[in-house]
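>>> Kindly generate the corresponding structure for this input.
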Amino acid sequence: MKSITTSPALQVKTVTGAPRLATNASCEDNTKVYQSWQLENWRRQYKLTPGEPVTPPPMDSGPSFTLRNLANGGVFECVPGNKTDDNVFEGLCTQAADTGALANTKASFRFDPVLDMLVVTQNWECGTE
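Presented below is the predicted three-dimensional model:
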């Protein structure tokens, strides 16, 4: 995903590829379905100084955003946590209250500001239902 500062004409839209699961779908059912996500409320702040290199941007807050799972309706709020030595942000996503999502799923992300790439990982713990 390109940011507005590097590609102002980029438009991103996620389209559901499979029918949504029933609200009472089991953890096991969810693990068998491709999980499509809709990214909402992308926020990221950084300060650019004239004459300084912009990659990676200095004083970068890292991204925060909302993920909406189009397969099961789960909603996660994601915030940056650690910034690694190679300027990659790693963060956790917590489930928003009252979204109907299963409690036994966790999500995290990794954002590389140099590559302008976001990777989201979701893990299921189905033995805990």
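>>> Please make it C-alpha for all contacts and neighbour counts, starting now.
Fine.
>>> residues in contact with A107?
F76, L92, C93, T94, V120, T121, Q122, N123 (CA atoms under 8 Å, 6 or more residues apart in numbering).
>>> Repeat the analysis, applying 6 Å as the threshold.
C93, T121, Q122 (CA atoms under 6 Å, 6 or more residues apart in numbering).
>>> hey, where'd the strands end up in the protein?
If DSSP state E is used as the criterion, the strands of the chain fall at 37-43, 64-69, 75-83, 89-95, 105-112, 117-124.
>>> nearest to D29, of those strands?
strand 117-124 (10.8 Å; CA to CA).
>>> Any regions of this structure where pLDDT drops low?
For the chain, applying pLDDT under 70 flags the ranges 1-24, 34, 98-103, 128-129.
>>> Show which residue of the chain lies farthest from the average position.
In the chain, the greatest distance from the average C-alpha position (CA atoms, centre = their mean) is reached by G51, at 31.8 Å.
>>> next one: phi and psi at it?
phi 90, psi -10 (degrees, to the nearest 10).
>>> go on, the one 10 residues further on?
With angles defined as degrees, to the nearest 10, S61 sits at phi -80, psi -20.
>>> switch to numbering from 365
Sure, I'll start counting at 365 from here, so that last one is S425.
>>> Enumerate every residue touching it.
Counting by CA under 6 Å, 6+ apart, S425 has contacts Q409.
>>> Against S472, how distant is it?
The gap separating S425 from S472 is 17 Å, by CA to CA, to the nearest Å.
>>> Pull the number of nearby residues for the nearest residue to P477 once chain neighbours are set aside.
Once flanking residues are discounted, P477 sits nearest to P420: 5.9 Å by CA to CA, 6 or more residues apart in numbering. Residues lying near P420 (other CA atoms under 10 Å) number 16.
>>> just the one 3 residues further on next, same as before
Neighbours of M423 under the rule other CA under 10 Å: 10.
>>> One more: the one 5 residues further on?
Summarising burial for S428: neighbours were counted as other CA under 10 Å, giving 20.
>>> Quick check: closest non-adjacent residue to it.
S428 sits nearest to V443 (CA to CA, 6+ apart), 4.5 Å away.
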